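Asks: Provided below for reference: sequence and predicted model.
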Amino acid sequence: MRFDAAVLRSYGSPFAVEEVVLGGEPAEGEILVDIAGCGMCRTDLAVRRSAGRSPLPAVLGHEGAGTVVATGGPDTGLRVGDPVVLSYDSCGRCRSCLGGAPAYCDSFASLNLFGGRAENAARFTDASGGRLAPRWFGQSSFAEYAVVPARNAVRVDPALPLELLGPLGCGFLTGAGAVLNTFGAGPGDTVVVLGAGAVGLAAVMAARAAGATVLAVDRRPERLALAERFHAVPLHAASAGLPERIRRMTDGGAGYALDTTACAQLINDALHSLRPTGRLGLVARLPTVLPLEPGALDRGRSIAHICEGDAVPGLMIPRLIGMWRAGRFPFDQLIRTYPLAEVNEAERDCEAGRVVKPVLVP
């Protein structure tokens, strides 16, 4: 099967939209999906800075949504014509998966980040037969079609705007899941969100939907204005005495903080802004050793990394759609669509902060 995809051939080159070849029909437990839209996530763009750990050339993209056009075997639980949102891959067999925590799958890194399933390595090539890396996050959805494990796919209502739903499978799921699943925030709680990008603004929306008070910290006035539109109190990241200011505004400190920036100073500021036993969650990968200031972890404060919002996609994606339909999670207001052919423009706009969440439409 031949179709167009955005191929990244080297860490410093632009994407090239070119013909790729998928060999064979979907295997047992797989589905072939006609992609309606795929979000561009910071994790896709971080491949350029992965120091050679992510195999190239590759088709990236892991926030896909589309329609099932073929299934492999009778046990996928899906049928031709089903609209689906795609999420991350997991083995389904390890202790974490069996315990309802697939984001902490023992094979998460190998399945999603560093090459995918070994049995898929020979199936995906460019038009001249050159090998492409196996599936990225079980998807490789910067393309017209994707073959994915049915385990990655969540069936949704066909009446929904399918081309906009892909980011619910990762970026929006991560921010909202951190607030709703990891923190369990609700009325009377205060959540500080550091970084008003796609993940941070999803966290803002979810916290407000849950009835919590939200403070959003960013350095860009336009992003703070967006956060304020979604009913967060905006705070500039460079404000003098930021932790003290947050403690005053929250009657002694916030209960929860979510960092999406990987900025060491903001992480320390967030810890100092927490009340006793407050929790800080990190969702961005830290590029260096994290120095903690004296007192940052005093009085029962804790810090932990949160992967994929502690979410089970089959449960969380329908929940977020229900919140959106109720007007409580307006994620569509963060999206700008681009034709797949404009993938490099979408990347430039994303890196420059001109768009919160680009979505590529084949």
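Replies: Structure received.

Asks: any buried residues in the lowest-mean-pLDDT helix or strand in the chain, and which?
Replies: Sorting the helices and strands of the chain by mean pLDDT, DSSP states H and E puts strand 124-126 at the bottom, at a mean of 90. Neighbour counts using 16 or more other C-beta atoms under 10 Å place 124, 126 of strand 124-126 among the buried residues. Every residue, glycine included, has its C-beta placed from N, CA and C.

Asks: with stretch 3-10 instead?
Replies: 4-9.

Asks: stretch 272-281 now?
Replies: 272-275, 278-281.

Asks: ok so, going back, ok now the least confident helix or strand of the chain, how far from the chain's centre?
Replies: Relative to the mean C-alpha coordinate of its chain, strand 124-126 is positioned 26 Å out (C-alpha atoms, centre = their mean, to the nearest Å).

Asks: I'd say residue 273 and residue 249 touch.
Replies: No. Residue 273 is not in contact with residue 249 according to C-beta atoms under 8 Å; the separation is 9.3 Å.

Asks: pLDDT at the residue nearest the centre of the chain, what is it?
Replies: With distances taken as C-alpha atoms, centre = their mean, residue 171 lies nearest the centre of the chain, 2.3 Å away. For residue 171, the pLDDT comes out at 97.

Asks: now it: closest residue in space, sequence neighbours ignored.
Replies: residue 198 (4.5 Å; C-beta to C-beta, 6 or more residues apart in numbering).

Asks: doesn't residue 172 make contact with that neighbour?
Replies: Yes. Applying C-beta under 8 Å, one finds residue 198 in contact with residue 172, separated by 6.8 Å.

Asks: wait, residue 24 sits on residue 123?
Replies: Yes. Assessed by C-beta under 8 Å, residue 24 is found in contact with residue 123 at 6.1 Å.

Asks: of these two, who's got more company?
Replies: residue 123 (17 against 11; other C-beta atoms under 10 Å).

Asks: next, the contact list for the nearest residue to the more buried one once chain neighbours are set aside, please.
Replies: Distances taken as C-beta to C-beta, 6+ apart place residue 23 nearest to residue 123, at 4.8 Å, with adjacent residues excluded. Applying C-beta atoms under 8 Å, 6 or more residues apart in numbering to residue 23 gives the contacts 1, 122-125.

Asks: export those to TSV and tack on distance to residue 100?
Replies: Output for the contacts of residue 23, formatted as TSV (distance: C-beta to C-beta, whole Å):
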residue	distance to residue 100
1	35
122	33
123	31
124	31
125	37
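
Asks: show me what contacts the residue lying closest to residue 136 once chain neighbours are set aside?
Replies: Leaving aside its sequence neighbours, residue 136 sits nearest to residue 60 (C-beta to C-beta, 6+ apart; 5.0 Å). Counting by C-beta under 8 Å, 6+ apart, residue 60 makes contact with 6, 8, 44, 47, 136, 140, 142.

Asks: give me that answer again for 7 Å
Replies: Applying C-beta atoms under 7 Å, 6 or more residues apart in numbering, we find residue 60 in contact with 8, 44, 47, 136, 140, 142.

Asks: what's the burial count for residue 320?
Replies: Residue 320 has 28 nearby residues by other C-beta under 10 Å.

Asks: ok, and the closest non-adjacent residue to residue 267?
Replies: Residue 267 sits nearest to residue 259 (C-beta to C-beta, 6+ apart), 5.4 Å away.

Asks: what's across from that neighbour in the sheet?
Replies: On the basis of DSSP bridges, residue 259 is bridged to residue 194, residue 282.

Asks: ok, now how distant is it from residue 351?
Replies: Counting by C-beta to C-beta, to the nearest Å, the gap from residue 259 to residue 351 is 20 Å.

Asks: give the other helices and strands that the helix or strand hosting residue 343 contacts.
Replies: In the assignment (DSSP states H and E), residue 343 maps to helix 343-352. Applying 3 or more C-beta pairs under 7 Å, 6 or more residues apart in numbering; DSSP states H and E, we find helix 343-352 packed against helix 42-45, strand 357-361.

Asks: what are the pairing partners of the longest one, and which direction each?
Replies: As defined by DSSP bridges, the strand partners of strand 357-361 come to strand 30-39 (antiparallel), strand 335-339 (parallel).

Asks: what's next to it, contact-wise?
Replies: Residues contacting strand 357-361 (C-beta under 7 Å, 6+ apart): 37-40, 142, 163-164, 166-167, 171, 198, 334-340, 343, 346, 349-350.

Asks: can you list the buried residues in it?
Replies: Buried residues in strand 357-361 (16+ other C-beta under 10 Å): 357-360.

Asks: now do stretch 257-276
Replies: 257-264, 266-275.

Asks: avg pLDDT for it?
Replies: On average, stretch 257-276 scores 97.

Asks: Validate this expectation: residue 56 resides in a helix.
Replies: No. Assigned with DSSP: H, G, I helix; E, B strand; the rest coil, residue 56 falls outside any helix and is coil.

Asks: show me the contacts for it.
Replies: 8-11, 133.

Asks: need these in TSV with pLDDT, distance to residue 108 and secondary structure, can you?
Replies: Output for the contacts of residue 56, formatted as TSV (pLDDT from 0 to 100; distance: C-beta to C-beta, whole Å; DSSP: H, G, I helix; E, B strand; the rest coil):
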residue	pLDDT	distance to residue 108	secondary structure
8	96	21	strand
9	95	26	coil
10	92	26	coil
11	91	22	coil
133	88	17	coil
